[in-house]
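Visitor: Only the shape, not the letters, is given here:
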Ligand SMILES: [Mn+2]
């Protein structure tokens, strides 16, 4: 058989899910589509297996494409549910701080970690994680786990799994040649359940506010090219709310001639959030750069957050780090 990008899940992980009577499903705070849709898909699979499920996410549900999902998630787990000694399934998180405050009450429970980030630290016992950095989304890993559990794919699960996949691949844009054949075969199975890629694209992109689109344009208009145009730095001011502005900023600026990476700094008042994107051909691993700042992510898309620094200091630090990384490339 051809080698798969998806290794087999450990029998221990599968048995721990099969033997659990109740489960808590949690993904990272400040969630994106992959975090929430992998949670929803996992919860549905567990419910189909007859388990009680508590679906948790700290939020905030800021982005336009996920706002409507907020009522489906609890902000914390009731002590009565914790008393049932549920299995905790942590999705799309590379470090134990990513799930945020609700996770702190769950640290004594057994847990399974399913994730696709390239940097991180193991935070469960051996055999209880399924971590595949080659996977373009966590939902693809949930699909593998579903198969191992022998649960049939239905239209709703397929819809969730597809949405996480297209969120993290930018509708196939970031899909590597290595991952494409298997993932597109899985995506084909999702469409065979009756989902419509065209409708899902429109649903996930329509309905933006004109003011947000204008804010995106302002961020782009004020972006600066440095390091001979190889790096572009953009700033989202504190007055702009986060209505999925960053996708448009990255998409436009990464098309600039000669650019290797784009950094978007979001001024959050008490902290500066830094987003990194690099061109596929650049060879730059921005996940490693973000990890040096205490953040993480993937080689082409990553994020970090810094405190007690002014915007000009953050810019100077990032330019120095990127210059070093580009020299080593
Ligand atoms: Mn993800």
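Guide: Here it is on my side, so go on. Quantities reported herein were computed from a predicted structural model and do not represent experimental measurements.
Visitor: where does the closest residue to residue 326 other than its chain neighbours sit relative to residue 259, distance-wise?
Guide: Spatial nearest neighbour of residue 326, chain neighbours left out: residue 230 (6.0 Å); criterion: CB to CB, 6 or more residues apart in numbering. No exception for glycine: its C-beta is placed from N, CA and C like everyone else's. Residue 230 sits 6 Å away from residue 259, going by CB to CB, to the nearest Å.
Visitor: same check, this time on residue 235
Guide: Going from residue 235 to residue 259 by CB to CB gives 17 Å.
Visitor: can you check residue 320 too?
Guide: Going from residue 320 to residue 259 by CB to CB gives 18 Å.
Visitor: okay, those two: which has more neighbours?
Guide: residue 259 (19 against 10; other CB atoms under 10 Å).
Visitor: From the contact counts, what lies against the helix or strand of the chain with the lowest mean pLDDT?
Guide: Between all helices and strands in the chain, the lowest mean by mean pLDDT, DSSP states H and E belongs to strand 296-297, at a mean of 88. Applying 3 or more CB pairs under 8 Å, 6 or more residues apart in numbering; DSSP states H and E, one finds that strand 296-297 contacts helix 286-292, strand 301-306.
Visitor: now residue 139, nearest residue through space, not along the chain?
Guide: residue 164 (3.0 Å).
Visitor: Now do the one you found against the ion, distance only.
Guide: 7 Å (CB to the ion, to the nearest Å).
Visitor: any idea which element that residue lies in?
Guide: Counting by DSSP states H and E, the element that carries residue 164 is helix 155-169.
Visitor: Past that helix, which element shows up next along the chain?
Guide: For helix 155-169, the succeeding helix or strand toward the C-terminus, using DSSP H and E, is helix 180-192.
Visitor: got the angle between that following helix and helix 155-169?
Guide: 140 degrees (axes from the mean of the first three to the mean of the last three CA atoms, to 10 degrees).
Visitor: for the helix or strand hosting residue 145, packing partners?
Guide: Element membership for residue 145 (DSSP H and E) is helix 138-149. Contact partners of helix 138-149 among helices and strands, from 3+ CB pairs under 8 Å, 6+ apart: helix 11-19, helix 33-48, strand 111-115, strand 129-131, helix 155-169, helix 180-192.
Visitor: which other residues reach the helix holding residue 164?
Guide: 32-34, 36-38, 40-41, 44-45, 65, 116, 136-140, 142-143, 146, 153, 172, 174-175, 183, 186-187, 189-191, 193-195, 197, 200-201, 204 (CB atoms under 8 Å, 6 or more residues apart in numbering).
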